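Chemist: Show me the folded form of this:
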Amino acid sequence: MSEVYSTSDIWLGAYFLSERDTKLVDFQVSRSSRTIVSFVFSGKNLTQLAQEYCQEEAEANIVQLRSRLNYLRDIIFESTKRKY
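Modeler: Next up is the predicted model:
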């Protein structure tokens, strides 16, 4: 069954995207005194993956993880670039 999970942790987001069947469905960038980014993901077992990540038990392909991290960073950069 598909879940929806929201996080501001870019590394967790990259971990989610490195898993199969996980999609970024929305994101928001807000700026006040500092930039805050919120990502919304849809996929299977996201709560379980988040628990593994938080308990330092997550395993990922490092090449995929780095690629997904760069993807999320690019989204943030492009979004902030358009606004300012």
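
Chemist: got the CA coordinates for the longest helix along the chain in CSV?
Modeler: Across the chain, the helix with the greatest residue count (assigned by DSSP state H) is helix 62-83. Provided in CSV are the C-alpha atoms of helix 62-83 (Å, rounded to 0.1, in the frame of the first residue of the first chain):
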residue,chain,number,x,y,z
ILE,A,62,25.8,5.2,-2.4
VAL,A,63,25.9,6.2,-6.1
GLN,A,64,22.1,6.3,-6.3
LEU,A,65,21.9,8.1,-2.9
ARG,A,66,24.4,10.8,-4.1
SER,A,67,22.5,11.2,-7.4
ARG,A,68,19.2,11.7,-5.6
LEU,A,69,20.7,14.1,-3.1
ASN,A,70,22.0,16.2,-6.0
TYR,A,71,18.6,16.1,-7.6
LEU,A,72,16.9,17.5,-4.5
ARG,A,73,19.6,20.1,-4.2
ASP,A,74,19.0,21.2,-7.8
ILE,A,75,15.3,21.5,-7.1
ILE,A,76,16.0,23.7,-4.1
PHE,A,77,18.5,25.9,-6.0
GLU,A,78,16.1,26.3,-9.0
SER,A,79,13.2,27.1,-6.8
THR,A,80,15.1,29.8,-4.8
LYS,A,81,16.7,31.2,-8.0
ARG,A,82,13.2,31.8,-9.5
LYS,A,83,11.9,33.5,-6.5
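
Chemist: got a list of contacts for it?
Modeler: 10-11, 13-15, 17-18, 24, 27, 29, 31, 35, 37, 39 (C-beta atoms under 8 Å, 6 or more residues apart in numbering). Backbone N, C-alpha and C define where each C-beta goes, glycine included.

Chemist: What residues of it count as buried?
Modeler: Buried residues in helix 62-83, counted by 16 or more other C-beta atoms under 10 Å: Leu65, Arg68, Leu69, Leu72, Ile75.

Chemist: ok, now stretch 15-23?
Modeler: Buried residues in stretch 15-23 (16+ other C-beta under 10 Å): Tyr15, Phe16, Leu17, Ser18, Glu19, Thr22.
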